[in-house]
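**Q** fold the stuff below for me.
(one chain, ligands or ions: 2)
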Amino acid sequence: MTHGLGRWAAIGAVVSLAVTVITVALALTAGASARASQQELAHRLVPGAAAAGTLLAGYTAESDLLHNYVTAGPKASIAPFRDAAGQMPGYQDRVTALLRGYPQMPSLIAAEQAALRAWMVQVAGPQLAAAARGDFASARSLQNNATRNRPYTLAVRSQGAALDAQIISAQASLVAKLGLAEARLFTALAVVCAVVVAVAAGSVAAVRRWLLRPFALLHQAAEAVAAGEYDTRVPAVGPAELAELGRATERMRTQLVAALAEAELAQIRLRAMNETLGQQVQQRTAHLEIANRNLATFTYSAAHDLRTPLRAISGYAEILTEDYGERLDETGHSYAGRIQVAADHIGALLDGLSHLSQVSRADIHRQDVNLSAVATTLCDELRARNPGRRVRVRIEDGIRVSADRSLIRIALYNLLDNAWKYTAGRDDATIEVAFTPVTGDGIHCYVRDNGVGFDPAYADKLFQPFQRLHDTSEFGGAGVGTGLAIVQRIIERHGGQTRAEGAVGQGATFYLTLAATSDAPAAGHIRVSAGSAG
Ligand SMILES: Nc1ncnc2c1ncn2[C@@H]1O[C@H](COP(=O)(O)OP(=O)(O)OP(=O)(O)O)[C@@H](O)[C@H]1O
Ligand SMILES: [Mg+2]
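**A** Ligands and ions are numbered 1, 2, ... in the order given. Sure, this is the predicted structure:
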C-alpha cells in the first residue's frame, strides 16, 4: 500500500462531507415534515375540533332556549333563542373553513348542516309558529312529541359525532405522521452516528496499519543504524511520504556505509604511510646522527691535528722573540707579538670547536637531575672564582628535569657564566634561575640577569658558533663565542629548544625547554644568596 497520505486525507474528507450532507438533508426533511404536521395540528385540526364542538354546543343552547321559551309561555322572550340561532351560521362557516380539504370532511359538514336545517324546519319551526300564534299549549305539545322530534335531534347529534370521529381520525393520522417524521429523524441520526463511528474506527485501524506500523518499522531500523548496526536495511513501507522517507534514509545508510568503508581504507593507508614515514624518519635521523657524529669527529680531529702546527707557529714566534729579539727592531717585535696573540686566539677557537664537537658526540644518559642544586653549586664556584663581585642570586627550589647530568651541567654553566660576565658593570647584579611549567610534560627553565642585555634583533644569532655581540676587552675572559652554541647543541640533543630575550641595558633571559621528571615539579620557593665584595 503506497498511496499518498494526501490521497487518504482527501478520501476521508469526501466521506466526512458526504455523511454530513446526508445528515443535514435527512434532518431538514424530517424536521420540516414534523413542523408541518405540528402546524396543521395546531392551526387547523385542534381549532377545527373546537369549532365543531362549539357548533354542537350552539345547537344544544338553541334547543334549550327554545324549550325554555315554549315552556315559559307568552311572557317569555324569544330573543335569547333568536340570538343563539343567529350565531349558528358563523359557527358553521368556521367549521367549514378550518376543515376544508380533508377527505370526507365537507360531506360530513354538509350532512350536519342539513340535519341542523331539518331540525330547525321540522322541530323548531312548528313550535315557533304555534308560539307566534299564541298557542303555547300546541307548542308545548309539539315539543313534547318525542316520537316526532327524536329523529331530527338524533340526526343532528349523530352527524356531529361523525364529524368529531372524522376529526379525531385526521388528528390520529397526523400524529402518526409526526411520529414517523421523528422516527425518520432518529433513524437518520442513528445511521449518521453509526457511519461516524465506523469512519472513526476505520481511520484508527487504517492509521495503525498503514501509518503507525510502517513508522515503527522505519524508526526501529533508523535506531539500529544510529546505534552502529550499519547492515540493517531501512524498509520503504507505508504511505508514499513514509516510503520516500524510508528510501531516503536507506540511501543515507548506504552512503554512510560507503563513507565509513572509504574512511577505514584511508585510515589503513594513512597508517601504512605513517609507518613508512616513521621508518624513513628513523632512517634519516640515524643517518643525520651518524653524519653529525662524523662531522663532530672530523672537527675534533681537525682541531686536534691543527694544534701541532699551531704549537710550532707559537713556538717559533717565541724563539724569534727570545733568541733573535736583539736583532729585531720594534716593528719585528710587534709582528712576533701579533703572531703569538693570533696563535693563542686560534688555540682558543680550536678549544671551542673541540668542546662543541665533544658535546655533539657524547652519549646521553638521562636521569632525574635537580637543576636547582646544580645551579647552586655552579654559582658557588663562580662566586669563589670572582670573590670581588657582589652578585645577588635567586634560585627556585625543585627544578627537576630528565637529562644527562654532565651535559646539562655544561649548558647551565655556560648560561650562568654569561650572566655573571655580562652583569660585571652593575653594583646590584642579580641572577635568577627559575622555571614555568608548560603544557605536556615539559618545563621552561630560565636564567635571567639584569646585565648589559643585547639588541633583540640578534637574539637568534647569539646561538651560532663564534657570534659575539660584546667585546672581550670590555667583559674580560677568553671567550670565543661558542658558549651559547654549546648550550643549544646540548638542549637540542635532549629534544628541547632554546630562546633568548633581552634588550640593550635591560638584562637578558635565556629559556630552555626540557622534559620534566615523572614527578613533575610544582612551583617551589626561591632561595636567595648574595656574595659580598672583597
Ligand atoms: N647574559 C648575557 N647578556 C648579554 N649578552 C649575552 C649574554 N650571554 C651571551 N651574550 C651575548 O652572546 C654572545 C655569545 O655568547 P657565548 O656564550 O656564545 O659567547 P661568549 O660568552 O662571548 O664566549 P664563550 O662563551 O665562548 O666564552 C656573547 O658574546 C654576548 O655578546
Ligand atoms: Mg659564554
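**Q** what's the closest non-adjacent residue to the one residue in the chain that gets nearest to ligand 2?
**A** Closest contact between the chain and ligand 2, by CB to the ion, is at G483 (2.7 Å). Backbone N, C-alpha and C define where each C-beta goes, glycine included. Ranked by CB to CB, 6 or more residues apart in numbering and with sequence neighbours excluded, the top spatial neighbour of G483 is N414, at 4.0 Å.
**Q** repeat for G12
**A** Nearest one to G12, counting by CB to CB, 6+ apart, is S203 at 6.6 Å.
**Q** help me confirm that the one you found is found in a helix?
**A** Yes: using DSSP: H, G, I helix; E, B strand; the rest coil, the assignment for S203 is a helix.
**Q** tell me how many other residues crowd Q367.
**A** Neighbour count of Q367, defined by other CB atoms under 10 Å: 11.
**Q** run through the bridge partners of it.
**A** When assigned by DSSP bridges, Q367 has beta-bridge partners A403.
**Q** helices of the stretch 151-300 of the chain, residue ranges please.
**A** Using DSSP state H, counting those that start in this stretch, the helices assigned to the stretch 151-300 of the chain run over residues 213-226, 240-323.
**Q** tell me which of the ones you listed is the most buried.
**A** helix 213-226 (a mean of 16; mean count of other CB atoms under 10 Å).
**Q** run through who's touching that one.
**A** Helix 213-226 has contacts (CB atoms under 8 Å, 6 or more residues apart in numbering) with 232-235, 237-239, 242-243, 245-246, 249, 253, 256.
**Q** tell me how far it lies from the chain's centre.
**A** In terms of CA atoms, centre = their mean, to the nearest Å, the centre of helix 213-226 is set 21 Å apart from its chain centre.
**Q** got the contact list for the residue nearest to G483?
**A** Going by CB under 8 Å, 6+ apart, N414 touches G483, L484, I486, V487.
**Q** surely the residue of the chain closest to ligand 2 touches D417?
**A** Yes: G483 is within contact range of D417, at 6.6 Å (criterion: CB atoms under 8 Å).
**Q** which among the contacts of N414 count as buried?
**A** G483, L484, I486, V487 (16 or more other CB atoms under 10 Å).
**Q** adding secondary structure, pLDDT and distance to T147, write those out as a markdown table.
**A** Putting the buried ones among the contacts of N414 into a markdown table (DSSP: H, G, I helix; E, B strand; the rest coil; pLDDT from 0 to 100; distance: CB to CB, whole Å) gives the following:
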| residue | secondary structure | pLDDT | distance to T147 |
| --- | --- | --- | --- |
| G483 | helix | 94 | 174 |
| L484 | helix | 96 | 169 |
| I486 | helix | 96 | 172 |
| V487 | helix | 97 | 168 |
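**Q** mind putting the residues you listed into TSV with distance to T377?
**A** Output for these, formatted as TSV (distance: CB to CB, whole Å):
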residue	distance to T377
G483	18
L484	21
I486	19
V487	18
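**Q** out of those residues, who's near ligand 1?
**A** G483, L484 (CB under 6 Å from any ligand atom).
**Q** ok, back up a step: can I get the helices of the stretch 151-300 of the chain in TSV with distance to R448?
**A** What follows is the helices of the stretch 151-300 of the chain, written out as TSV (distance: least, CB to CB, whole Å):
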stretch	distance to R448
helix 213-226	58
helix 240-323	31
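**Q** turn those into JSON lines, including distance to ligand 1.
**A** Formatted as JSON lines, these follow (distance: least, CB to the nearest ligand atom, whole Å):
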{"stretch": "helix 213-226", "distance to ligand 1": "63"}
{"stretch": "helix 240-323", "distance to ligand 1": "14"}
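**Q** dump these into TSV; add mean pLDDT and distance to P103 as well.
**A** Shown next, in TSV, are the helices of the stretch 151-300 of the chain (pLDDT from 0 to 100; distance: least, CB to CB, whole Å):
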stretch	mean pLDDT	distance to P103
helix 213-226	89	65
helix 240-323	90	64
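**Q** quick one, which of those helices gets closest to R392.
**A** For R392, the closest of these is helix 240-323, at 38.1 Å, according to CB to CB.
**Q** other SSEs contacting the closest one?
**A** On a contact count with 3 or more CB pairs under 8 Å, 6 or more residues apart in numbering; DSSP states H and E, helix 240-323 meets helix 5-40, helix 213-226, helix 330-361.
**Q** for A303, which of those is the nearest?
**A** Proximity to A303 (CB to CB) singles out helix 330-361 among the helices and strands packed on helix 240-323, at 4.3 Å.
**Q** quick check: mean pLDDT of that closest one?
**A** The average pLDDT within helix 330-361 is 91.
**Q** which secondary structure elements does that helix sit against?
**A** helix 240-323, helix 483-493.
**Q** quick one: is that helix near ligand 2?
**A** No: using CB under 5 Å from the ion, helix 330-361 stays clear of ligand 2, with a minimum separation of 9.8 Å.
**Q** before we move on, the earlier item: the residue nearest to G12 touches A13, doesn't it?
**A** No: S203 lies out of contact with A13 (CB under 8 Å); the separation is 11.6 Å.
**Q** more neighbours: these two, which one.
**A** S203 (14 against 10).
**Q** can you give me the helices in the stretch 401-534 of the chain?
**A** Under DSSP H, counting those that start in this stretch, the stretch 401-534 of the chain gives helices at 405-422, 472-475, 483-493.
**Q** name the residues that touch the last one?
**A** Okay, so that is helix 483-493. Here helix 483-493 has contacts from 355-356, 359-360, 364, 407-408, 410-411, 414-415, 417-418, 462-467, 497-498, 500, 510, 512-514, using CB under 8 Å, 6+ apart.
**Q** same question for the shortest one.
**A** Surrounding helix 472-475, the residues in contact under the criterion CB under 8 Å, 6+ apart are K421, Y422, A424, A478, G479.
**Q** give me that answer again for 6 Å
**A** K421, A424, G479 (CB atoms under 6 Å, 6 or more residues apart in numbering).
**Q** report the central residue of the chain.
**A** Taking CA atoms, centre = their mean, the centroid of the chain lies closest to A226, which sits 17.4 Å from it.
**Q** return the distance of the residue nearest to G483 relative to R400.
**A** N414 sits 20 Å away from R400, going by CB to CB, to the nearest Å.
**Q** state the distance from the residue in the chain sticking out farthest from the centre to G73.
**A** Distance to the chain centre peaks in the chain at D135, reaching 118.9 Å (criterion: CA atoms, centre = their mean). Using CB to CB, we find D135 at a distance of 11 Å from G73.
**Q** who's in contact with the nearest residue to T321 once chain neighbours are set aside?
**A** Of all residues not flanking T321 in the chain, A336 sits nearest, at 4.8 Å (CB to CB, 6+ apart). By CB under 6 Å, 6+ apart, A336 lies in contact with A317, L320, T321.
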